[in-house]
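Novice: here are the coordinates; sequence isn't available:
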């Protein structure tokens with residue numbers, strides 16, 4: 001039997017080391033599906049409930065494995081559904097390949113059923129590489145280049161294959177004019193900045209008395225080097241959300257997340273520093289960085305396209321974080337600075353943890369969502385993989401979970417799309433079937449698509465060596481993050497027709513699928529529910545009935561903003577009584593006496 005184009009696609013993916021393809025079937029990829037049957041499902045086809053979830057699963061797989069994520073969909077509607085997940089990959093710089101069907105070549109341009117201009121559709125999201133295969137000889141170069149580009153640019157790419165092309169006999173490119181041969185090897189490379197620029201960066205850092213370091217996901221391969229330079233500089237280290245698992249939060253100088261979802265110590269670190277070193281991060285919110293002119297700056301990033309645009313850095317070191325730091329560290333003069341700044345940073349961290357403990361301990365109606373996440377923290381397995389959805393749950397994820405060495409964690413950091421938490425966790429389970437995965441999800445995101453993906457988890461749980469996948473649902477009947485944004489930013493009361501969510505029996509739905517499902521309505525039952533979920537012999541849904549009145553107060557919140565929130569409540573917010581109580585109770589925790597803070 002001859003080798004078809006579709007057969008060669010799967011063969012080439014296997015040769016690139018691809019083990020899973022996340023997808024949904026449709027007649028636009030019937031040729032590929034038939035090839036999967038002939039290939040005995042290698043690489044394994046993972047069927048989601050929706051193509052957007054396939055893309056999210058590919059993103060989660062790529063984030064947690066460091067390998068290429070691959071998704072597949074039919075032409076027209078299936079291709080369109082992939083877009084949100086692919087944009088998540090684009091904005092978070094994740095290597096993902098989309099293999100997409102198209103109507104037959106004979107029908108293209110004829111307004112045929114499900115015919116969509118896929119080149120135009122994907123040209124932005126897959127701007128680094130998108131191509132349509134029209135003849136078999138074109139295939140190896142297009143597919144190989146798409147994969148190489150996805151890895152090199154850390155971006156989504158797309159290969160479009162019309163249905164009739166999938167079923168053609170495969171023929172490789174020949175040694176002729178206008179033929180493009182291809183090869184598999186990707187090789188490895190490392191970008192290194194010039195010696196002169198490294199020397200100039202060292203001079204700036206050595207001149208600083210109060211050094212702040214900001215790390216993002218680009219520093220993930222340089223954990224030891226980041227720790228070393230932080231210790232040499234006596235610096236505090238704040239983390240962008242995508243860099244949450246870059247450093248252990250057990251280090252005394254790690255101040256945690258930065259930004260609206262961040263911590264007070266990170267805000268103070270940036271506010272008071274005189275020197276900023278940014279490593280592998282393109283954190284966009286300038287207002288959380290030092291005031292312009294107050295701090296000197298050095299940036300390290302592997303992508304020259306992303307340097308120098310978030311802060312007026314004096315030196316932009318374009319290079320791999322690990323290799324660049326290895327060259328920079330010997331030039332740092334540690335003995336020239338005292339301990340006052342370092343001690344202040346560490347003290348602020350201790351004080352903030354006391355505040356977080358107190359906030360999590362506040363009474364709520366019925367359960368304080370901060371207590372839910374705080375109770376999980378000491379129970380987290382050392383090899384846990386954690387995903388968070390967008391929304392108020394991301395606040396508690398950012399502030400209450402202590403990363404330890406070996407843990408992994410991520411969320412939709414730049415697109416901040418809803419609905420990624422559960423499919424990320426499923427992608428993580430295929431990347432690391434021997435590790436437990438935990439997803440923190442609001443009820444809005446769970447209703448959007450998380451419930452359907454529980455079916456996917458139930459379908460594939462037997463493939464996972466460690467079958468634990470714990471989905472924690474914060475059930476507060478409210479699209480809570482947007483509700484709070486309306487209150488705090490504009491002083492507007494909650495608009496119930498847009499914000500109020502129906503109560504859904506999430507735990508009962510899980511049980512209907514044969515999964516563990518636990519509904520928690522009392523704070524004293526939170527810890528035991530977490531223990532039960534983490535001890536379950538398969539996927540589990542923990543439905544925590546939480547209080548929407550607990551405010552996700554930003555670290556820089558002023559009394560004026562608190563007054564704006566109160567004003568919105570007094571204008572007629574449906575939950576105004578408990579909002580006032582909870583908001584001011586949470587804010588006042590920052591001013592209660594705690595451990596005496598050292599100031600040098």
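Specialist: Here it is on my side, so go on. What you are looking at is a predicted structure, and each value in this text was computed from that prediction instead of being measured. Numbering: from 1, shown residues only.
Novice: Show me the shaky parts of the stretch 251-400 of the chain.
Specialist: For the stretch 251-400 of the chain, residues meeting the criterion pLDDT under 70 lie at 336.
Novice: go with 80
Specialist: Residue ranges of the stretch 251-400 of the chain with pLDDT under 80: 334-338.
Novice: can you give me the strands in it?
Specialist: Secondary structure of the stretch 251-400 of the chain by DSSP state E, counting those that start in this stretch: the strands cover 254-257, 275-279, 296-301, 315-318, 385-388.
Novice: do you know how far residue 197 is from residue 318?
Specialist: In this view, residue 197 and residue 318 are 8 Å apart by C-beta to C-beta, to the nearest Å. All C-beta atoms are positioned from the backbone trio N, CA, C, and that covers glycine.
Novice: one step back: so which of the strands of the stretch 251-400 of the chain gets nearest residue 361?
Specialist: strand 254-257 (18.9 Å; C-beta to C-beta).
Novice: Okay, now the sheet partners of the closest one, with direction.
Specialist: The pairing partners recorded for strand 254-257 under DSSP bridges are strand 236-239 (parallel).
Novice: The closest residue to residue 392 other than its chain neighbours: how many residues sit nearby?
Specialist: Spatial nearest neighbour of residue 392, chain neighbours left out: residue 480 (4.0 Å); criterion: C-beta to C-beta, 6 or more residues apart in numbering. Residues lying near residue 480 (other C-beta atoms under 10 Å) number 28.
Novice: where does residue 480 land on pLDDT?
Specialist: pLDDT for residue 480: 82.
Novice: now residue 581
Specialist: You'll see residue 581 listed with a pLDDT of 53.
Novice: For residue 73, name its beta-bridge partners.
Specialist: Following DSSP bridges, residue 73 is listed with bridge partners residue 100.
Novice: Could you measure from it over to residue 419?
Specialist: With distances taken as C-beta to C-beta, residue 73 is found 17 Å from residue 419.
Novice: One more: residue 93?
Specialist: Per C-beta to C-beta, residue 93 is found 20 Å from residue 419.
Novice: The two - which one has more neighbours?
Specialist: Remark: of residue 93 and residue 419, residue 419 carries more neighbours, 26 against 21, as counted by other C-beta under 10 Å.
Novice: residue contacts, that one?
Specialist: Going by C-beta atoms under 8 Å, 6 or more residues apart in numbering, residue 419 touches 52-53, 56, 84, 389, 445, 448-450.
Novice: Equivalent analysis for residue 380, please.
Specialist: So residue 380 contacts 386, 401-402, 404, 407, 438 (C-beta under 8 Å, 6+ apart).
Novice: With adjacent residues omitted, what lies nearest to the residue minimising distance to the centre of the chain?
Specialist: Among the residues of the chain, the one closest to the centroid is residue 411, at 2.6 Å (C-alpha atoms, centre = their mean). Closest residue to residue 411 apart from its sequence neighbours, by C-beta to C-beta, 6+ apart: residue 388 at 4.2 Å.
Novice: Might one say that the one you found is in contact with residue 394?
Specialist: Yes - using C-beta atoms under 8 Å, residue 388 is in contact with residue 394, at 5.0 Å.
Novice: the more surrounded of the two?
Specialist: When neighbours are counted by other C-beta under 10 Å, residue 388 comes out ahead of the other of residue 388 and residue 394, with 31 against 24.
Novice: separation between that one and residue 38?
Specialist: For residue 388, the distance to residue 38 - C-beta to C-beta - is 40 Å.
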